[in-house]
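# Provided below for reference: sequence and predicted model.
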Number of protein chains: 2
Amino acid sequence: MKTLARNPKNIGQAIRNGRRARKLTQKQLAECSGVWQETISKIENGVGDTKLETVFSLLAALDLEIQIQDRSKGSVADFEDIF
Amino acid sequence: MKTLARNPKNIGQAIRNGRRARKLTQKQLAECSGVWQETISKIENGVGDTKLETVFSLLAALDLEIQIQDRSKGSVADFEDIF
DNA sequence: ACATATTATGGCCTATAGATCATACTGCTA
DNA sequence: TAGCAGTATGATCTATAGGCCATAATATGT
């Protein structure tokens, strides 16, 4: 998995994808991350804003990490919500 | 620039590094990002939590982006706050 | 179609982020 | 060493994130 993110919605999608890739329900992810299912739902759907702490709790539980890099040449295909 | 981040502090450092690489003062970054200098100071120093929206405002102004990826093999050297 | 699992929504409440102002601290450098 | 640019800190205020409960809406399987 490798997803570019330039806004909060991209993060939510990456989390949803990561969760599904690991075949976890929101409830299971909630249990192992300490973030509530309701909150996960909102984040995945880009409802409201999210704190970094919360994002990292989820990423850690999904064994994902963030890399900060110069804005690339990044092919459009690396994004998922073009439409 | 390419920095791994597994917690909010890593993000703050990446922002500070990116800002310095572009030879901007906090005040200048504040002006072009819409985030207050005081807030930038706190984020760079890992004081309190930060919302995604704010992080992305800063990253955009610094022409940086985020990539979400599986936790790597990431060499320890990619982190900056080991000590 | 029904039962059940999964996800979404919405309200209440508390904690806290960030705007904003004021001011203090920390280098520089003239 | 005085002055200034840059950064940090601290307070107040408003908006909102997320914990938490209840429940609604959607899948999914049988």
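Sure, I can see it.

# Which strand residues bridge residue A:2?
residue B:69 (DSSP bridges).

# Write out the residues of chain A neighbouring chain B.
A:1-8, A:10-11, A:14, A:18, A:49-53, A:55-56, A:59-60, A:63-72, A:74 (Cβ under 8 Å from any Cβ of the partner chain). For every residue, glycine as well, the C-beta is placed using N, CA and C.

# I'd like to know which of those residues are buried.
A:3-8, A:10-11, A:14, A:18, A:50-52, A:55-56, A:59-60, A:64-69 (16 or more other Cβ atoms under 10 Å in any protein chain shown).

# filter those down to the ones near DNA strand D?
A:50-51 (Cβ under 7 Å from any atom of the strand).

# Next step: the buried ones among the residues of chain A next to chain B restricted to strands.
Among those, the members falling in strands (DSSP state E) are A:3-5, A:64-69.

# roughly how far is stretch A:13-20 from the heart of the chain?
Here the centre of stretch A:13-20 is set off from its chain's centre by 5 Å, with Cα atoms, centre = their mean, to the nearest Å.

# I'd like to know how far residue A:54 sits from residue B:51.
As for residue A:54, its distance to residue B:51 is 10 Å (criterion: Cβ to Cβ, to the nearest Å).

# follow-up on the earlier one: what is the most widely separated pair among the ones in strands among the buried ones among the residues of chain A next to chain B?
Spatially, the most separated pair among these is A:64 and A:69, at 15.5 Å (Cβ to Cβ).

# Can you give me the distance of the residue nearest the centre of chain A to DNA strand D?
Centroid check for chain A by Cα atoms, centre = their mean gives residue A:15 as the closest residue, at 2.5 Å. Distance of residue A:15 to DNA strand D, computed by Cβ to the nearest atom of the strand, to the nearest Å: 12 Å.
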